[in-house]
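[1] Fold the following, please.
(one chain, ligands or ions: 1)
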Amino acid sequence: MTDPALEVIKKKADEAFNKNNFVVALSLYTFLSNNDSDNGVYYLNMSLTHLRLQRWEDASSNATKALELCEATVHKAKAYFRRCQARRELHNLSGANEDLEAFTSFGGDPKIASVEAQKLERAHDTTNELVPDNVADVADFLSEKLNLGGSSLDSVYEIRPTKDKGLGAFAVKPLRRGDFILEETPVFCTDSESDYIGIPSGSLAAKFEQLSPTDLSRCLSLSNVHSGIDIFTGIYNTNAFGQGGLLLEASRFNHSCSPNARYTYHEPSKKERIIALTDITEGEEICVSYLQSRNVYGSPRSERRQTLSSRFQFCCQCPACDDTNFEQSDRRRRDIRMIWESLPMTMDGRKALMAIVRAIVLMREDGYFADADDFAVDAAALCALCSDWESCIYWAKFAYENRAAEFGDDHPHAIRARQTLENPRSRKYHTQAGMGPRKSFKDIRLPQNLC
Ligand SMILES: C[S@@+](CC[C@H](N)C(=O)[O-])C[C@H]1O[C@@H](n2cnc3c(N)ncnc32)[C@H](O)[C@@H]1O
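    As a prediction, this is how the structure comes out:
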């Protein structure tokens, strides 16, 4: 069965062509021919588009391919005519004349044939000067013209091929924890987080249909690891970012279970952000985690691999998944999960705080530099419960500083943490503030190097 996405793409390709946006039209026709290679009409369309772009060699070879695939007389006539024009420009005049004859014999309009015959006559009379052809490979040509996977001049990263993960993002200068790597407006958002995967293909097709031909062609250049489902769903499921929807640049960042960056959606600006979690050296690959926090710091390799392979079809080889490290990493992550799950407010405060310290130390030992703020928020609440305001402020400060670094100072998570820090006694922020027995936890602190 033909993928219904192809129909939408064909409409957008024709729209781009009719608006003289030939580079985008070519990109879309090329995508169509790669995904429906027996359909000669796409080659006819590509041949005409190459003519408009003065790419004579490609115009000629696409017309030849159309002649192989098309059966209808009218398509054959068009293919001969396009190849005739290309051959004329390439100074293959005998070939051009043969094509013109074939055009007529397949029912081509005699008036058009006569105008072309005059052009061929003139071409005989002119010098042998060759009209230069742009011989760049179509993929290179399109990628240069469409700036696919590129980044702006002042960007702190570049997109380029990795050894074994397709394209990836690499730092072009040293970065510090908290540095912004990118902010990007999605090409479209889906309505809620639950649409992340399994969105009905009809409503997804409607989102793609609303895109401009240029945005559509950029979306189609994204990775698609899902065969057997329609193209739009495949692209969406390979690349979509939760609330952030579909993004063109952020989608090029690969995954690590010990990421050196994180992505987060900033609702007020409606932009997806990628922010450095660690210092990053120039040339280092920048990776984010595709898994939700709890599933990355709280799951062993086998669970993470299962999720990653079903959704993204790869087997992670990051430092936490590496064969030599993973058992130790799994022990740490299981412990962290146990601590997280054993953290209700009713638990003995002292024990809970010591467990939180241990969880944060384990996370850092395991090369996981996100989400310590969630533990610190619980720690602050525990201290507030027991009216230890000094300790409460200590943990609230840690939570705020980490949220500001990981999400940006203006992110609602960071703003909330700052308000808590400024008003630790308010029940608006710590609902059980002062309601427990008075205790002191001043002796329970993180090691100096983690603060
Ligand atoms: C959102 S895309 C990332 C960019 C992609 N590499 C590209 O060329 O456009 C997700 C796909 O990248 C590849 N990928 C991401 N992280 C990877 C990793 N750690 N190891 C192997 N492949 C990975 C997988 O094919 C995955 O389905």
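
[2] Give me the phi and psi angles of E285.
    The phi and psi torsions at E285 (degrees, to the nearest 10) take the values phi -70, psi 140.

[3] in the sheet, who's paired with it?
    Legend: beta-bridge partners of E285 under DSSP bridges are F170.

[4] and what of F188?
    L246.

[5] Surely it and A206 touch.
    No. Under the criterion of CB atoms under 8 Å, F188 lies out of contact with A206, with a separation of 9.8 Å. In short, each C-beta sits where N, CA and C put it, glycine included.

[6] domains of this structure?
    Here the domain parsing of the chain from automatic domain parsing is 38-130, 143-297, 301-450.

[7] Of the ones you listed, which is nearest N18?
    Within the domains of the chain, the stretch nearest N18 is domain 143-297; the backing value is 9.9 Å (CB to CB).

[8] For the closest one, the averaged confidence score.
    When pLDDT is averaged over domain 143-297, the result is 88.

[9] Can you give me the first-to-last residue distance of that domain?
    Terminal residues of domain 143-297 are spaced 37 Å apart (CA to CA, to the nearest Å).

[10] what do you get for stretch 308-319?
    Note: stretch 308-319 ends 16 Å apart using CA to CA.

[11] what residues does that stretch touch?
    165, 197, 225-226, 237-238, 255-258, 287, 290-291, 301, 304-305, 321, 325, 329, 367 (CB atoms under 8 Å, 6 or more residues apart in numbering).

[12] can you do 6 Å?
    225, 256-258, 367 (CB atoms under 6 Å, 6 or more residues apart in numbering).

[13] Repeat that for stretch 395-407.
    Where contact means CB under 6 Å, 6+ apart, the residues beyond stretch 395-407 that reach it are 177-178, 262, 264, 370, 372-373, 376-377, 379-380, 413-414, 417-418, 420-421, 424.

[14] Could you tell me which of those belong to strands?
    Assignment to strands by DSSP state E places the following of these there: 262, 264.

[15] Of the contacts of stretch 395-407, select the buried ones using a PyMOL command.
    For the buried members of those, the matching PyMOL selection, counting by 16 or more other CB atoms under 10 Å, is:
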select buried, resi 177+178+262+264+370+372+373+376+377+379+380+413+414+417+418+420+421+424
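
[16] Counting neighbours, what do you get for the closest residue to the ligand within the chain?
    Using CB to the nearest ligand atom, the point where the chain gets nearest to the ligand is G166, with a distance of 2.7 Å. Other residues near G166 number 11, with proximity taken as other CB atoms under 10 Å.

[17] Around the ligand, which positions in the stretch 201-350 of the chain sit nearby?
    Those residues of the stretch 201-350 of the chain that sit near the ligand, judged by CB under 6 Å from any ligand atom, are 222-223, 225, 238-239, 251-252, 254-256, 312-314, 316, 318.

[18] Now do the buried residues in stretch 209-221.
    Those buried within stretch 209-221 under the rule 16+ other CB under 10 Å are 211, 213-221.

[19] separation between A380 and E341?
    Distance, A380 to E341, by CB to CB, to the nearest Å: 19 Å.

[20] Then R177?
    Taking CB to CB as the measure, R177 falls 28 Å from E341.

[21] Also S391?
    S391 sits at a distance of 23 Å from E341 (criterion: CB to CB).

[22] do the same with L216
    The spacing between L216 and E341, counted by CB to CB, is 44 Å.

[23] do R88 as well
    Taking CB to CB as the measure, R88 falls 75 Å from E341.

[24] Neighbour count: those two, which is higher?
    Set side by side, R88 and E341 show more neighbours around R88, with 23 against 10, by other CB under 10 Å.
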